[in-house]
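> Okay, here's the prediction I keep looking at, along with the sequence it came from:
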Amino acid sequence: MSTTTTAGHLIVAQLERAGVKRVYGVPGESFLDVLDGLHGSSIEIVVTRHEGGAGFMALAEGRLTELPGVAMVTRGPGAANAFIAIHTAHQDATPMILFVGLIPVADRGRESFQEFDINAWFGSTAKKVVTLDDAASAARVVDDAIFTAMSGRPGPVVIGLPEDVLVHAIESGTVEPRKVSRPAPAAPDLAELEARLAAASKPLIVVGGEGWTQESGEALAGWAARHGVPVLADFRAYDAVPHHSDAYAGFLGYGRSDANAARLDAVDLIVFLGCVRGDVLSDGYTRGLDAHTVVVNADADLLGHFGRMDQHITADVTAFSMALAGMDSAVRPAAGWFADARADYLKFSSAQPDGGTGVDLGVVMEILKQEMADDAVLTFGAGNHALWPARYLQHNSANSLAAPRNGAMGMGIPAAVAASLAYPGRQVISVAGDGCFMMNGQEIATAMGHGAKFIVLVVDNGIFATIREHQEAHYPGRPSGTHMTNPDFAALARSYGGYGERIEKAEDFAGAFRRAVESGVPAVLHLPQDPTTRSPKSN
C-alpha cells in the first residue's frame, strides 16, 4: 500500500518493518529528514559521542543479534570517523549497515562543504556501496542492504543519502523484507565428508564466523565429543561452541597455545566450519596447509581462504551442524588425539600468577571465572590486555563475545554499550587496555544516557604494550612512541555518573567486582598492571 511520504521517512518505516530496534549515530544536518522520521518511531536513536563509537556499536549488534546493526553518520568527517567500523565489519565478516548523509545532488563535483567520493572511500571495504538518487527506491534500497549484509559472507553495506533526495515527496510504501537463505548441506556432500572422516586419523574441526546459536553450538560439540574429534575456535570466535564440552580444545590465532600450533602441524583432515584458513588462524600461512581440507561456508567465493581445499560445502553453520548432529560416523581418531587436545586446553586455560608488581591479571581472571554470570557477554578491543580473557574466560552461551578480529583498537566500550542494550538481562563485562579504553571510553556517557550497564576492567600499564613488545624484540633498548599518560580511570567513570574503583592488588578484586555489579550503573575497575608484563604466564 502506497502513501505520500518522504524518502527519509520511508527509510525509517522500512527499518521498522525489518525489525530493527536501534540505530546508533551522531546527528548531522545532511540527514535531518531521517532523524525526523525517527521522531516517535519504535526505533530507539542511540546518540553516541563519536562516529567511531556508533560504528562499533552497530558492528557489535550485528555480531550478537540476528539482524545487522545500523549506524547513521553525516558526510565527510562523520563518514571518515565511521570508516574503522566498516573495515572491521568487512574483515570480520559481520553484517552492519552504515547510512551516510551526503551533499545535495546539484552540489556534486564542486568540492562542496564536506564533499567526498563515497564509492572511492568505501568501495574496497564494503560488500556494497549505493547512493539513494531515486527517492521512490528508498524502501527497496534499505531491504536490499539488509539482505546483502546478511547473505553469503556477511559484511557491511554503505548507503549514501543526498540531503535533497531525502525530502522528496513520493507515493511509495515499504516492501516485504527478503528472506536470507540458510542453505543446508546436500546429502552427497555429507556422504563425501563422511568418507574423508572415516579415512582420517587426526581430524580437527575449526569453528568460526557468524550465525551460531546455542542449539547449533551444542549440537556440533555433542557430535564431536561422541566421535572423538577436537574442536578449535578461530581467532575471536570463541563463543561458537560451549567451552564446557569435552570436544572444545581452545582457539587458534594470536595468543593460541603451542599445543594447538603443533596440532595444526599434525592434523590430516581439517574441517573449517563458518570460517576459512586465513593468515591469523594459520600463523601467517605456515600451519595446516597440507592437510586434507573441507570448508563449510555459505560464501561461494571463500574470500580469505588460502591453501589446499578438497571439498567446499556451501551451507549455513547452523543448518550444517544440525544435519551433522543427526549422523553417525565411522571416524576413528588415533589414540590420545581427542583426550590430549582437551587436556592441553584445560591446562592452558588454568591461570597462573603472572608475578611482578601491580595487579596480577592471572589471579584476577581466576576470580572472575567464579564471579561472572555463565551467560555473560564479554567485549574487548585490541592489545595485549585481550590475551588474558581470551585464554582464561569461558563462553558457554551463544552470542557472548564481541571483539574485533581485524585488530581494531577502541571497540570494547562501544561493544559493551550495544551488548547491554541488545541483552538487558545479561551481564556485560569489558576488558580494556588503557590505550584501547581511551579511544572510545567517552561512550560511557552514551551508556548513561540510554540505560546501558556493564563492568569495565581497565588494565593500566601506561604503554602501548603490543607495540612495545615488538620494539623489545626488534629494537631492544630503544622504546619509542609507546608511552602513555593516563587519567584516574575510576574517577573518570564517576564523573560520568558511573561507578569507579581503583584496585591495588588482585586479592581485592572479588569485593570490588561485586560492588560494581550492585551499583547498577556502568562501572570501571581500574587495575594498574606491571608495565613489564606482556602476556599470561605459561603453565
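It's in. A quick note: this is a predicted structure, and the numbers were derived from the prediction, not measured.

> My reading is that Gly441 is in a strand; is that accurate?
No - under DSSP: H, G, I helix; E, B strand; the rest coil, Gly441 falls outside any strand and is assigned helix.

> quick one: low-confidence parts of the chain?
Applying pLDDT under 70 to the chain flags the ranges 1-2, 539.

> list the helices and strands the longest helix that it contains packs on?
Longest helix in the chain by number of residues, with DSSP state H as the criterion: helix 77-92. Packing partners of helix 77-92 (3 or more C-beta pairs under 8 Å, 6 or more residues apart in numbering; DSSP states H and E): helix 51-64, strand 69-73, strand 96-102, helix 118-122, strand 156-162. Where C-beta positions appear, they are placed from N, C-alpha and C, glycine not excepted.

> and the angle for that helix with strand 69-73?
Compare the direction of helix 77-92 with that of strand 69-73 by axes from the mean of the first three to the mean of the last three C-alpha atoms, to 10 degrees and you get 150 degrees.

> From here on, call the first residue 6.
Let's use 6 as the start, then, which means that last one is helix 82-97.

> For helix 82-97, buried residues please.
Within helix 82-97, the residues that qualify as buried by neighbour count (16 or more other C-beta atoms under 10 Å) are 83-84, 86-97.

> Adding distance to Met77, write the residues you listed out as TSV.
As requested, the buried residues of helix 82-97 are exported to TSV (distance: C-beta to C-beta, whole Å):
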residue	distance to Met77
Gly83	9
Ala84	11
Asn86	12
Ala87	9
Phe88	15
Ile89	16
Ala90	12
Ile91	13
His92	18
Thr93	17
Ala94	15
His95	19
Gln96	22
Asp97	21
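
> ok, those vs Ala478, which is closest?
Gln96 (24.9 Å; C-beta to C-beta).

> So the nearest residue to that closest one once chain neighbours are set aside versus Tyr259, what's the distance?
Nearest in space to Gln96, with sequence neighbours left out and distances taken as C-beta to C-beta, 6 or more residues apart in numbering, is Asn411 at 3.8 Å. Separation of Asn411 from Tyr259 (C-beta to C-beta, to the nearest Å) stands at 12 Å.

> One more: Asp321?
According to C-beta to C-beta, Asp321 stands 27 Å off from Tyr259.

> So these two - more neighbours on which side?
Taking neighbours as other C-beta atoms under 10 Å, Asp321 and Tyr259 compare with Asp321 leading, 22 against 18.

> Just list the residues touching that one, thanks.
Counting by C-beta atoms under 8 Å, 6 or more residues apart in numbering, Asp321 touches 187-189, 216, 303.

> can you tell me which two in the residues you listed are farthest apart?
Maximum pairwise distance among the contacts of Asp321 (C-beta to C-beta): 12.8 Å, between Ala189 and Gly216.

> neighbour count winner among those two?
Shown here are Ala189 and Gly216; by other C-beta under 10 Å, Gly216 has more neighbours (20 against 17).

> Nearest residue to the more buried one in space, please, no chain neighbours.
In space, Gly216 comes closest to Val322 once its chain neighbours are excluded; the distance is 5.0 Å by C-beta to C-beta, 6+ apart.

> Help me confirm that the one you found comes into contact with Leu278.
Yes - using C-beta atoms under 8 Å, Val322 is in contact with Leu278, at 5.9 Å.

> what do the two both touch?
Joint contacts of Val322 and Leu278 (C-beta under 8 Å, 6+ apart) are 212, 214, 301.

> okay, now the first one: neighbour count?
This points to Val212. Counted with other C-beta under 10 Å, the neighbours of Val212 add up to 29.

> you'd agree it is up against Gly279?
Yes - between Val212 and Gly279 there is a contact at 5.9 Å, judged by C-beta under 8 Å.

> Show me the common contact partners of the two, please.
Counting by C-beta under 8 Å, 6+ apart, the residues touching both Val212 and Gly279 are 239, 242, 245, 322.

> quick one, what contacts the spatially closest residue to the second one that is not a sequence neighbour?
Excluding the flanking residues, the one nearest Ala242 by C-beta to C-beta, 6+ apart is Gly213, at 3.8 Å. Applying C-beta under 8 Å, 6+ apart to Gly213 gives the contacts 238-240, 242, 245, 277-280, 286.

> Between those, which sits nearest Leu225?
Leu278 (7.1 Å).

> Need phi/psi at Val299.
Here is the backbone geometry of Val299 (degrees, to the nearest 10): phi -120, psi 130.

> same thing with the one 4 residues further on?
Main-chain torsions, Ala303, degrees, to the nearest 10: phi -80, psi -10.

> doesn't Thr319 make contact with it?
Yes - using C-beta under 8 Å, Ala303 is in contact with Thr319, at 6.1 Å.

> Between these two, tell me which one has more neighbours.
Ala303 (23 against 18).

> which one is Ser543 nearest to, not counting chain neighbours?
Gln357 (7.8 Å).

> before we move on, what about Leu40?
If the residues on either side of it in the chain are set aside, Leu40 comes closest to Pro32, at 6.0 Å by C-beta to C-beta, 6+ apart.

> and that neighbour, what element?
Using DSSP states H and E, Pro32 sits in no helix or strand.

> show me the contacts for it.
Contact partners of Pro32, counting by C-beta under 8 Å, 6+ apart, are 40, 52, 79.

> Now the buried members of the residues you listed.
Buried members of those, scored by 16+ other C-beta under 10 Å, are 40, 79.

> would you list the contacts of Pro32 in CSV and tack on distance to Leu426?
Putting the contacts of Pro32 into CSV (distance: C-beta to C-beta, whole Å) gives the following:
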residue, distance to Leu426
Leu40, 19
Val52, 12
Thr79, 22
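
> Which one of the contacts of Pro32 is nearest to Ala528?
Val52 (21.6 Å).

> Stretch 377-397: end-to-end distance?
Distance across stretch 377-397, first residue to last, is 12 Å (C-alpha to C-alpha, to the nearest Å).

> again, but for stretch 348-364
Its start and end residues considered, stretch 348-364 measures 28 Å (C-alpha to C-alpha).

> Which parts of it count as buried, going by neighbours?
So stretch 348-364, judged by 16+ other C-beta under 10 Å, has buried residues 349-350, 353-354, 356, 359, 363-364.

> contacts for it?
253-255, 262, 264-265, 365-368, 370-371, 393, 396-397, 399, 466, 508-511, 514, 532-538, 541-544.

> For the closest residue to Ser46 other than its chain neighbours, what are phi and psi?
Among residues not flanking Ser46 along the chain, Val17 sits closest, at 5.5 Å (C-beta to C-beta, 6+ apart). Main-chain torsions, Val17, degrees, to the nearest 10: phi -60, psi -40.

> Check His297 too.
Per degrees, to the nearest 10, the backbone of His297 is at phi -50, psi 130.

> isn't it right up against Ile275?
Yes - if you go by C-beta under 8 Å, His297 and Ile275 touch, sitting 7.3 Å apart.

> and those two? which has more neighbours close in?
A count of neighbours by other C-beta under 10 Å puts Ile275 above the other of His297 and Ile275, at 26 against 18.

> now the more buried one, what's its secondary structure?
Applying three-state DSSP: Ile275 is strand.

> Quick one: residues contacting it.
Ile275 sits in contact with 208-211, 269, 282, 293, 296-299, where contact means C-beta under 8 Å, 6+ apart.

> which of those tops the neighbour count?
Pro208 (29 neighbours).

> Do a quick rundown of the strands in the stretch 356-505 of the chain.
382-385, 406-407, 433-438, 460-465, 504-507 (DSSP state E, counting those that start in this stretch).

> name the helices or strands packed onto the shortest one?
When you say that, I think you mean strand 406-407. Counting by 3+ C-beta pairs under 8 Å, 6+ apart, strand 406-407 packs on helix 56-69, strand 382-385, helix 417-427.
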